[in-house]
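Undergrad: Return a 3D structure for these sequence lines:
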Amino acid sequence: MAARERVVRMSVEQPLWRALTAYRVLTLIYAGLLAGFGHAKYERPWVAVAFLAVLAVWTLATLPRVANAASCTKRFLGLDLTVALTGIMLTPLADFDAQHMDGPTIPSIWTAGSVLAFALKGGWRWAAFASTLVAVANIIERGEPSEDTFHNVVLVWVASIAIGYVVEVARASERTLARALEIEAATRERERLARDIHDSVLQVLAMVQRRGTALGGEAAELGRMAGEQEVALRTLVSSGLVPTTRVSEDIAEGAVVRAGDTDGEDGAESDLRALLAPHAGSRVSFAEPGAPVLLAAGAARELAAAVSAALDNVRVHAGPDAQAWILVEDEPGEVIVTVRDDGPGIPEGRLDQAEGEGRLGVALSIRGRLRELGGTAELISVPGQGTEVELKVPKISRGKAGSAR
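TA: So this is what the prediction gives:
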């Protein structure tokens, strides 16, 4: 699968870790400023200075630890919370009046950063554990906790638990999204393989069945066996149990232009006219603009493959004498290719019936390709008046299918 189909996902919680890193640095500076402006109230200022020095070294040295969930280990969280609790309990040693006043502790709001790290790492339960320890330490440090102390404790407790819960929800959503993207990618690959099978093996088996029946004798028996294998393979394709190996057989007669057969690097542009011109012949008229019709290489290949599938349907269902016309229109924002024939047309309800029988030529080889390119395929058919298939592809298309080959 090409690089453009690889989904590079950044964790939804990564911005929170970056915010926590900035928070720890800013609150370290804030704690230092509080101590500097309030040093006069400290009876033992050296206690505050010594702790803040240790806190500064610890904060700056452990910044890589709070860069993401993987590096933020349980051991680090335990040590970090210990540093925060130590700073709270040292406050009365530096400020004898701390237990009787509502002033800040030495680490101040830096402590909340330690609790938030628990929330980001383990969710709301870890946040509740850490914030409870911080709450107990604050109450012990105050001795006689005031209403403001309880207010601050409850605020940190509720905020950390709420953030932890949000992180858990974000992780669950991310896992769900990742699973959905995997399923979508697997579905696209299954449809691509099904188109390959339809464009090659199924058409060969159908051709062998028709030729064998027409020749008779032993060839008729080979045709019958080929028909049985065709039915079995169509059932396999329609059930979604498509083989994971790439089908590479070429059609010897009535071959289609396969989406991977043309050159062109991913991201380059191709002239659609060059891919469609080989279809022109005595029974297929090709009308093209005078200037190159440029599309992304992958989109051009897939559009050409869809046209090939439409022409193959003309050969099979409209009869050997049917005439077909290909018209290419290069509009400012899209390319339109119309394939029309003068055959008997398609009876109403026949496409739905064919899809139910596992005949997915229109559903996969035409509509499936256009859908992956961000385009549309419209089929108009009136019994007795032929069929017209209009394929529209935006010039800035997804180009997924072509790039995946």
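
Undergrad: quick one, helices of the protein?
TA: Using DSSP state H, the helices found in the chain span residues 14-37, 45-61, 74-94, 110-122, 124-142, 147-197, 203-215, 218-238, 272-276, 297-317, 350-356, 369-372, 400-403.

Undergrad: Would you reformat those helices as TSV and include mean pLDDT, distance to residue 335 and mean neighbour count?
TA: In short, each C-beta sits where N, CA and C put it, glycine included. Output for the helices of the chain, formatted as TSV (pLDDT from 0 to 100; distance: least, Cβ to Cβ, whole Å; neighbours: other Cβ atoms under 10 Å):
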stretch	mean pLDDT	distance to residue 335	mean neighbour count
helix 14-37	90	40	16
helix 45-61	92	58	16
helix 74-94	91	57	18
helix 110-122	91	49	25
helix 124-142	88	53	20
helix 147-197	77	20	16
helix 203-215	68	26	18
helix 218-238	63	29	16
helix 272-276	90	6	21
helix 297-317	85	7	25
helix 350-356	55	24	13
helix 369-372	83	11	22
helix 400-403	42	14	24
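
Undergrad: JSON lines please, covering the ones you listed and showing distance to residue 104.
TA: Output for the helices of the chain, formatted as JSON lines (distance: least, Cβ to Cβ, whole Å):
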{"stretch": "helix 14-37", "distance to residue 104": "6"}
{"stretch": "helix 45-61", "distance to residue 104": "11"}
{"stretch": "helix 74-94", "distance to residue 104": "8"}
{"stretch": "helix 110-122", "distance to residue 104": "10"}
{"stretch": "helix 124-142", "distance to residue 104": "11"}
{"stretch": "helix 147-197", "distance to residue 104": "10"}
{"stretch": "helix 203-215", "distance to residue 104": "79"}
{"stretch": "helix 218-238", "distance to residue 104": "70"}
{"stretch": "helix 272-276", "distance to residue 104": "71"}
{"stretch": "helix 297-317", "distance to residue 104": "62"}
{"stretch": "helix 350-356", "distance to residue 104": "71"}
{"stretch": "helix 369-372", "distance to residue 104": "60"}
{"stretch": "helix 400-403", "distance to residue 104": "57"}
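
Undergrad: and residue 339, which of those is closest to it?
TA: Closest to residue 339 of the helices of the chain is helix 297-317 (Cβ to Cβ; 4.2 Å).

Undergrad: tell me what that closest one is packed against?
TA: strand 269-271, helix 272-276, strand 324-330, strand 334-341, helix 369-372, strand 387-394, helix 400-403 (3 or more Cβ pairs under 8 Å, 6 or more residues apart in numbering; DSSP states H and E).

Undergrad: per-residue confidence for residue 123?
TA: For residue 123, the pLDDT comes out at 90.

Undergrad: correct me, but it touches residue 166?
TA: No: the criterion here is Cβ atoms under 8 Å, and residue 123 misses it with residue 166 at 9.3 Å.

Undergrad: that older thread, residue 382 is nearest to which of the helices of the chain?
TA: Taking the helices of the chain one by one with Cβ to Cβ, helix 350-356 is closest: 12.6 Å.

Undergrad: and the residue lying farthest from the centre of the chain, how far is that from residue 91?
TA: Distance from the C-alpha centroid of the chain peaks at residue 43, with 60.0 Å (Cα atoms, centre = their mean). Going from residue 43 to residue 91 by Cβ to Cβ, to the nearest Å gives 12 Å.

Undergrad: so the residue farthest from the centre of the chain touches residue 92, yeah?
TA: No: the criterion here is Cβ under 8 Å, and residue 43 misses it with residue 92 at 10.0 Å.

Undergrad: Provide a list of residue ranges in the stretch 251-400 of the chain with pLDDT below threshold.
TA: 251-267, 349-365, 397-400 (pLDDT under 70).

Undergrad: The same query, at a cut-off of 80, please.
TA: By pLDDT under 80, the low-scoring segments of the stretch 251-400 of the chain are 251-267, 315-321, 346-365, 368, 382-384, 396-400.

Undergrad: about what we covered before: and the residue farthest from the centre of the chain, what are its phi and psi?
TA: With angles defined as degrees, to the nearest 10, residue 43 sits at phi -70, psi -30.

Undergrad: burial of the nearest residue to residue 273 once chain neighbours are set aside, as a residue count?
TA: Closest residue to residue 273 apart from its sequence neighbours, by Cβ to Cβ, 6 or more residues apart in numbering: residue 288 at 4.8 Å. For residue 288, the neighbour count with other Cβ atoms under 10 Å is 20.

Undergrad: how about residue 288, what does it touch?
TA: 273, 276-277, 328 (Cβ atoms under 8 Å, 6 or more residues apart in numbering).

Undergrad: Over to residue 338?
TA: By Cβ under 8 Å, 6+ apart, residue 338 lies in contact with 325-327, 329, 388-391.

Undergrad: Fine by me, thanks again.
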